[in-house]
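Peer 1: I'll drop the sequence and a predicted model, then ask my questions.
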Amino acid sequence: MNYKDYNDSELYLLVCEESEEAKDILFEKYKYIIDIIIKKYIISANILNIEYNDLYQEALVGFSDALASFKEDKASLATFITLCVERRLQKVIAKQGRLKNKVLQESLSLDHIYEKYQVPLKDILSDDGKSDPLNSVTDSEVLNELETMIKDRLSKSEYNVYSLMINGFSYIEIAKILNKTPKQIDNAMQRIKSKVRKILELRDCII
């Protein structure tokens with residue numbers, strides 16, 4: 001049984017008759033939709049510490065929901081699958097965002113060492129509260145201010161790279177996710193680090 005031998009209407013009728021083979025065929029035909037939508041939300045998911053496998057499972061639930069509630073007179077099957085999968089992932093992202101209501105969850109993961117404290121930036125902005133500088137810098141208002149300043153200073157493409165940087169991705173991994181060359185990402189990371197350092201050096205609590 002090949003999807004090229006059937007149109008969507010015929011396959012959907014078989015799905016309504018609880019044909020698992022028809023479901024599998026439709027999945028093979030339209031699984032690219034899941035890949036496209038997951039790529040759209042991968043940065044947000046990584047910022048919120050949502051595992052890729054969890055995101056993929058939620059996308060599969062959205063796909064199944066689409067097959068269960070599809071009405072031919074409302075939209076094409078491909079369009080309806082797209083809407084259902086995207087809405088499912090939006091709900092997951094929104095729910096996790098409410099639970100983790102900050103972008104800088106753990107650290108900026110940058111290696112610059114500040115002379116005053118003799119510790120790297122990731123330790124200054126860490127959340128363990130082991131020293132006085134941490135107590136002041138990890139205040140939520142300071143983190144929100146830093147986040148805003150960084151986002152305003154970076155270009156859109158730089159902020160995409162930055163969002164992955166702070167979640168521990170290497171420049172090779174970021175290049176694959178953003179479909180860029182490793183050299184482009186490495187250059188962007190150097191620009192980002194330079195800009196973030198300048199922002200931090202303007203703050204009395206760090207310099």
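Peer 2: Thanks, I have it. Just so you know, these numbers come straight off a predicted model, no measurement behind them. Numbering: from 1, shown residues only.
Peer 1: so what are the domain limits for the protein?
Peer 2: By the record's domain assignment, the chain is partitioned as 3-99, 113-201 (automatic domain parsing).
Peer 1: mind putting those domains in CSV, mean neighbour count and mean pLDDT included?
Peer 2: Where C-beta positions appear, they are placed from N, C-alpha and C, glycine not excepted. Converted to CSV, those look like this (neighbours: other Cβ atoms under 10 Å; pLDDT from 0 to 100):
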stretch, mean neighbour count, mean pLDDT
domain 3-99, 16, 86
domain 113-201, 16, 69
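Peer 1: end to end, how far does stretch 70-85 reach?
Peer 2: 13 Å (Cα to Cα, to the nearest Å).
Peer 1: Show me the contact partners of that stretch.
Peer 2: For stretch 70-85, contacts defined as Cβ atoms under 8 Å, 6 or more residues apart in numbering pick out 8-9, 12, 26, 30, 33-34, 37, 59, 62-63, 65-67, 69.
Peer 1: Tell me the helices and strands packed up against whatever helix or strand Glu145 lives in.
Peer 2: Per DSSP states H and E, Glu145 falls inside helix 140-153. In terms of contacts (3 or more Cβ pairs under 8 Å, 6 or more residues apart in numbering; DSSP states H and E), helix 140-153 is packed against helix 156-165, helix 182-201.
Peer 1: The shortest one versus helix 140-153: what angle between them?
Peer 2: I take that to be helix 156-165. 140 degrees (axes from the mean of the first three to the mean of the last three Cα atoms, to 10 degrees).
Peer 1: Using CSV, write down the CA coordinates of helix 156-165.
Peer 2: Output of helix 156-165 as CSV, limited to C-alpha atoms (Å, rounded to 0.1, in the frame of the first residue of the first chain):
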residue,chain,number,x,y,z
LYS,A,156,17.8,38.9,15.3
SER,A,157,20.2,36.3,14.0
GLU,A,158,22.7,36.9,16.8
TYR,A,159,19.9,36.5,19.4
ASN,A,160,19.0,33.1,17.8
VAL,A,161,22.6,32.0,18.3
TYR,A,162,22.7,33.5,21.8
SER,A,163,19.5,31.7,22.8
LEU,A,164,21.2,28.4,21.9
MET,A,165,24.6,29.4,23.4
